[in-house]
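Engineer: Task: produce atomic coordinates for the following.
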Amino acid sequence: MSARSPNAAPGRGVATAIRRARLRSGDAADADHLRIVGLIEAAADFAVEVLVPGGAFIAKAFQGGETAAVIAQLKRNFTEVKTVKPRASRTDSSELYLVALKFKGR
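Structural biologist: Predicted coordinates for the structure are as follows:
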């Protein structure tokens, strides 16, 4: 994916990329999870294109089998990768945030 942020200065990148997309949930939770993971992967690819070294990437995700693959992808490009469950999130919710810090650069 080779797109530039409209907020990036010419010849420079951005410091933080946040994946904020909403996918309407359907009846097939597994299919929804795969689509969400696909969106996160695309956003992470975009982040790698536009982030400056040391930059950060944050994405809302849900616990599930494919989330581990996204975390592995992030670990290849960032020094620190954390999963964070917000205190405001319901206990039974699988919601979490992937926080990737210190982008290694291209």
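Engineer: tell me the secondary structure for Arg90?
Structural biologist: coil (DSSP: H, G, I helix; E, B strand; the rest coil).
Engineer: er, Pro86 I mean
Structural biologist: coil.
Engineer: ok, and the closest non-adjacent residue to Lys75?
Structural biologist: Ranked by C-beta to C-beta, 6 or more residues apart in numbering and with sequence neighbours excluded, the top spatial neighbour of Lys75 is Val81, at 5.0 Å. (Glycine included, C-beta is placed from N, CA and C.)
Engineer: I'd guess the one you found is in a helix, am I close?
Structural biologist: No. Under the criterion used here (three-state DSSP), Val81 is strand, not part of a helix.
Engineer: hmm, who's touching the lengthiest strand in the chain?
Structural biologist: Among the segments of the chain that qualify as a strand by DSSP state E, the longest is strand 51-62. The contact list for strand 51-62 (C-beta atoms under 8 Å, 6 or more residues apart in numbering) reads 12-20, 33, 36-37, 40, 43-44, 47, 67, 70, 74, 78, 83, 94-105.
Engineer: of the residues you listed, buried ones?
Structural biologist: Buried subset of those (neighbour count, 16 or more other C-beta atoms under 10 Å): 13-14, 17, 19, 33, 36-37, 40, 43-44, 47, 67, 70, 74, 78, 96-101, 103.
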